[in-house]
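**Q** Need a 3D model of the following:
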Amino acid sequence: MLSFTEHWIGYVAVAVFLAAYALVIVEESLHLRKSKPVMVAAGAIWILTAIAYASQNQSHAAAEILRHNLLEYAELLLFLLSAMTFINTMSERNIFESLRTRLVSLGLSLWAMPQVLPFILR
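**A** Residues are numbered from 1 along each chain as shown. Take a look at the predicted model:
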């Protein structure tokens, strides 16, 4: 794995990141979604990484790193998709409303609710 701490590509990657971060900060005045500069910056940093690895004749290592990161992203995406589906299904079937009704009927304080909740769900 290459180290970009003293390489010009490392400095450019940090500058691209900071520019994207600055655009995220001023996104309301620019009427720009936060995801756009971040995605463009991520793509640019990956291109810079590929250039650095290709210049050292290690393009296979860059491809392996990209595959690894893409797999982690896909795993996270699938987890979030399934979790959101599960929560939406529970909400649609009024599970949270039923739980809230049971907790309110017991007259619990906001502090006591998390302590009692595991016993109620049995």
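**Q** Give me the packing partners of the longest helix belonging to the chain, helices and strands only.
**A** Counting residues, the longest helix found in the chain (DSSP state H) is helix 59-92. Where contact means 3 or more CB pairs under 8 Å, 6 or more residues apart in numbering; DSSP states H and E, helix 59-92 is packed against helix 35-55. Where you see a C-beta, it was placed from the backbone N, CA and C, and this is true even at glycine.
**Q** circling back: would you mark the buried spots in the longest helix of the chain?
**A** Buried positions in helix 59-92, judged by neighbour count with 16 or more other CB atoms under 10 Å: Ala62, Ile65.
**Q** Mind checking the pLDDT average for that helix?
**A** Summarised as a single mean, pLDDT over helix 59-92 is 94.
**Q** Check the offset of that helix from the chain's centre.
**A** In terms of CA atoms, centre = their mean, to the nearest Å, the centre of helix 59-92 is set 9 Å apart from its chain centre.
**Q** My understanding was that Ala54 contacts Ala62; is that so?
**A** Yes - A contact is recorded between Ala54 and Ala62 when judged using CB atoms under 8 Å, the distance being 7.2 Å.
**Q** re earlier: C-terminal to the longest helix of the chain, what's the next element?
**A** Under the assignment DSSP states H and E, the closest C-terminal helix or strand after helix 59-92 is helix 95-105.
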